[in-house]
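>>> Sequence and computational prediction follow.
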Protein chains: 2
Amino acid sequence: MNIYDIAQRSGVSIATVSRVLNGGRNVSRKTREKVLDVIRREDYRPNAFARGLGLNTMRMIGILCTDVSDTFYARAVSLVEGCLRRNGFDALLCCTGNDLENKKKYLGLLLGKRVDAVVLIGSAFKENVDNSHIESAARQVPVVIVNGLVELPGVYCVLCDERSAVRRNVRLLHESGRDDILYLYDTLTYSGCEKIAGYKAGLKDCGIPFRESLLVRVEKSVEAAAAKTAGLLNAGTGFSAAMASEDLLAVGALKALRRADRTAPVIGFNNSVLARCSSPALTSVDNMLDTLCPTAVNMLTGLLSGKSVPQKLVLSSKLVERETFHANQDKQNREENQ
Amino acid sequence: MNIYDIAQRSGVSIATVSRVLNGGRNVSRKTREKVLDVIRREDYRPNAFARGLGLNTMRMIGILCTDVSDTFYARAVSLVEGCLRRNGFDALLCCTGNDLENKKKYLGLLLGKRVDAVVLIGSAFKENVDNSHIESAARQVPVVIVNGLVELPGVYCVLCDERSAVRRNVRLLHESGRDDILYLYDTLTYSGCEKIAGYKAGLKDCGIPFRESLLVRVEKSVEAAAAKTAGLLNAGTGFSAAMASEDLLAVGALKALRRADRTAPVIGFNNSVLARCSSPALTSVDNMLDTLCPTAVNMLTGLLSGKSVPQKLVLSSKLVERETFHANQDKQNREENQ
DNA sequence: TTGAAAGCGGTACCAT
DNA sequence: ATGGTACCGCTTTCAA
């Protein structure tokens, strides 16, 4: 069933059917009704490929993501997909893992499918890495990055100031009397590097000397984080507070502390469901995904409709206090003890 | 840049370029090289829409999912997407939420994009619900359901025997001396109903009378589950063990128990990251997503290549024992105490 | 308001 | 081995 069939059955030309289909103004009420009747009767749907060929778009946006099974990325994908759909776009999802070659390959596949734009989520852009694939993608379609930064023409970034977030956390911990702050991280994405920079900046702010042994890289798993933290505790590497680049690792640290029957403030990152599920509930940094994602999609639709939008948009984060650390309370406690 | 440009620049016809592009056998080595040179030089990529129009496929599969931000569905989507890609398909992701009208609308949108098939993940198929949209979708393309059951022509289901899983859990708890078993659930999806049936069957097996007050529906959140469980504890509604339709709720129950300074076996469902993050780590039912998803994709590719595949494939689950319940140990303890 | 016809960019069949 | 060409199904311009 194609547009010719519909035209024939309604006794009009395909041009008229097309007009009806696309809400064209110049169709008489009678003709429109007649055509719509046939369309409904035959349950006709225009062929999206033919449409795409003519219009050079199928209104699809590629979402490139390292791993949707990660709770943080999953939430980002969910939000982005929802916003896109509300704007009449479909989402072509593509998970790359952390391998750069895969990222390149899959970005190519996405472009090959002629997506209108690409949204990059949590892709591991280490500093000084080869971003040529992103550069060349941006020459073809708008590229929007959620929570990452690549400063290239045609690449638009919406991100949260995570460096400041960690920096502030260090200060808060310092003010509550904790200077030996463990920091756990996993990957050196742009975001990952920023957080570490914030950690170091925070220490400097507070006049705390940086200790290599407290900046610890671990595999991305609760168990690994717990094991590493337990190792530190056993080795007597003292720390009086812990932070992590993401909730998962913070939960691991928390487990190790509890097992060692010790307690210390712990601050996670991402304010994910894990923070709420953890016992005690994890204080965590909300990096504003709920705002970041709609903003990113707005940018994208703006770009596609030819509007000019800022290349970089930075939001500030928010510390969500739960059981593992209360800034004011801890501070207060300390002052009372003095 | 299109196939005509490439043909012209390489001094051949578009037919030959097409052959080169599609690995056709009948091209001389020399010609092929020449054409490939031009293609590389111009960084030419064939237009996917034109290709789609001619072949009537763009090798895209629609994934319909209630909510990717849910850890369980996220993992399913991740697995399915990966398998699809390995089979040369792209995934068009579409999250519907729980609203039936949305499901219908979005399934229509997906079909409108002319996907080759549809994978349904965790869609809430309550029993006796209107599945006409699935039925009509199945008339157009193969429909594969992961962890759900709709018995209609053209609809293929890959699922885990969750009823038996819960039934067995009840028996294990009974054998460890617990007969007052709380069961928390949220939605009445097919899966949700099966689990409840398993709960009741398990009770019957063990000769435990069913108590309405122990079968509790809660909103899907840790806090809600914790609050409800705490309420039961306060009200003196005794229970000596808890189970839940998913880890999130089990974690909530666990929190309430801990806060009330009580302890009891708890068994979750889905064996998600939450189970490993929880303290104490949650014993949970693995419903075999790692097997279910590849199996579903295999079915799908089989169907698309005209093979005949079973309409229904059921896997058995696996209880992953962690800290909140050890079947044998608890049983042993009890026997020793006797 | 309506229709005819020219693309859009491929694939594949049929000659040569 | 290569080329010519019909065809896929729609949008859009131009004429009527």
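Looks like it arrived, so ask away.
>>> switch to C-alpha atoms for all contacts and neighbour counts from now on
Noted.
>>> hmm, stretch A:9-22 touching chain B?
No - using Cα under 8 Å from any Cα of the partner chain, stretch A:9-22 never reaches chain B; the gap is at least 13.5 Å.
>>> buried sites along that stretch?
For stretch A:9-22, a neighbour-count test (16 or more other Cα atoms under 10 Å in any protein chain shown) marks A:10, A:14, A:16-18, A:20-21 as buried.
>>> Go through those residues and say which is closest to DNA strand C.
The nearest member of these to DNA strand C, counting by Cα to the nearest atom of the strand, is A:Thr16 at 5.0 Å.
>>> Just the CA coordinates for the host helix or strand of that closest one, please, in CSV.
Using DSSP states H and E, A:Thr16 maps to helix A:14-21. The C-alpha coordinates for helix A:14-21 follow below in CSV (Å, rounded to 0.1, in the frame of the first residue of the first chain):
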residue,chain,number,x,y,z
ILE,A,14,-0.5,11.6,-5.3
ALA,A,15,0.3,15.3,-4.9
THR,A,16,-3.0,15.8,-3.2
VAL,A,17,-2.5,12.8,-1.0
SER,A,18,0.8,14.1,0.0
ARG,A,19,-0.7,17.4,0.9
VAL,A,20,-3.3,15.8,3.0
LEU,A,21,-0.6,13.7,4.7
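>>> Among the buried residues of stretch A:9-22, which ones lie close to DNA strand C?
On the criterion Cα under 7 Å from any atom of the strand, A:14, A:16 are the entries of the buried residues of stretch A:9-22 that sit beside DNA strand C.
>>> As a markdown table, the buried residues of stretch A:9-22 with pLDDT would be great.
A markdown table is the format used below for these (pLDDT from 0 to 100):
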| residue | pLDDT |
| --- | --- |
| A:Ser10 | 96 |
| A:Ile14 | 96 |
| A:Thr16 | 97 |
| A:Val17 | 97 |
| A:Ser18 | 97 |
| A:Val20 | 97 |
| A:Leu21 | 96 |
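>>> Reformat the buried residues of stretch A:9-22 as TSV; add distance to A:Phe239.
Listed next are these as TSV, based on distance: Cα to Cα, whole Å:
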residue	distance to A:Phe239
A:Ser10	79
A:Ile14	75
A:Thr16	75
A:Val17	73
A:Ser18	70
A:Val20	70
A:Leu21	67
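>>> and the two most separated of the buried residues of stretch A:9-22?
Spanning the widest gap among the buried residues of stretch A:9-22 are A:Ser10 and A:Leu21, at 13.3 Å by Cα to Cα.
>>> Give me the average confidence score over stretch A:309-328.
Throughout stretch A:309-328, pLDDT has a mean value of 96.
>>> now swap in stretch A:135-155 and tell me
pLDDT averaged over stretch A:135-155 gives 95.
>>> So which of the buried residues of stretch A:9-22 is the closest to chain B?
Lowest distance from chain B to the buried residues of stretch A:9-22 (Cα to the nearest Cα) belongs to A:Leu21, with 13.5 Å.
>>> do the helix holding A:Thr16 and DNA strand D meet at all?
Yes - contact of helix A:14-21 with DNA strand D (Cα under 7 Å from any atom of the strand) involves A:14-16, A:18-19, A:21.
>>> can you tell if whichever helix or strand comes after that helix touches DNA strand D?
Reading on from helix A:14-21 to the C-terminus, the next helix or strand found by DSSP H and E is helix A:29-42. No - if you take Cα under 7 Å from any atom of the strand as the test, helix A:29-42 misses DNA strand D, and the best it gets is 10.6 Å.
>>> Quickly name whichever of the buried residues of stretch A:9-22 is closest to DNA strand D.
Here the nearest of the buried residues of stretch A:9-22 to DNA strand D, counting by Cα to the nearest atom of the strand, is A:Ser18; it sits at 3.8 Å.
>>> Distance-wise, check that closest one relative to A:Ala250.
A:Ser18 is 57 Å from A:Ala250, where distance means Cα to Cα, to the nearest Å.
>>> now the helix holding A:Thr16 and helix A:29-42, what's the angle there?
Between helix A:14-21 and helix A:29-42, the angle comes out at 80 degrees (axes from the mean of the first three to the mean of the last three Cα atoms, to 10 degrees).
>>> what's next to helix A:14-21, contact-wise?
Here helix A:14-21 makes contact (Cα atoms under 8 Å, 6 or more residues apart in numbering or on different chains) with A:3-4, A:6-7, A:25-27, A:32, A:35-36.
>>> Kindly report the same for stretch A:142-158.
Stretch A:142-158 is contacted from outside by A:116-123, A:125, A:134-135, A:137-139, A:141, A:159-160, A:190-191, A:292-293, A:295-296, A:299-300, A:303-304, A:310-315, using Cα under 8 Å, 6+ apart.
>>> Please enumerate the helices of the stretch 151-300 of chain A.
A:162-175, A:190-205, A:222-234, A:247-259, A:273-277, A:289-304 (DSSP state H, counting those that start in this stretch).
>>> Tell me which of these sits most buried.
Comparing these by mean neighbour count (mean count of other Cα atoms under 10 Å in any protein chain shown), helix A:247-259 ranks first with a mean of 26.
>>> Show me what it is packed up against.
Packed against helix A:247-259, as judged by 3 or more Cα pairs under 8 Å, 6 or more residues apart in numbering or on different chains; DSSP states H and E, are the following elements: strand A:181-185, helix A:222-234, strand A:241-244, strand A:266-269, helix A:273-277, helix B:273-277.
>>> Swap in 7 Å and give it another go.
Packing partners of helix A:247-259 (3 or more Cα pairs under 7 Å, 6 or more residues apart in numbering or on different chains; DSSP states H and E): helix A:222-234, strand A:266-269, helix A:273-277.
>>> and the first one, does that touch chain B?
Okay, so that is helix A:222-234. Yes - using Cα under 7 Å from any Cα of the partner chain, helix A:222-234 reaches chain B at A:Val222.
>>> starting at the chain centroid, how far to that helix?
27 Å (Cα atoms, centre = their mean, to the nearest Å).
>>> Repeat that for the last one.
For helix A:273-277, the distance between its averaged C-alpha position and the chain's averaged C-alpha position is 18 Å (Cα atoms, centre = their mean).
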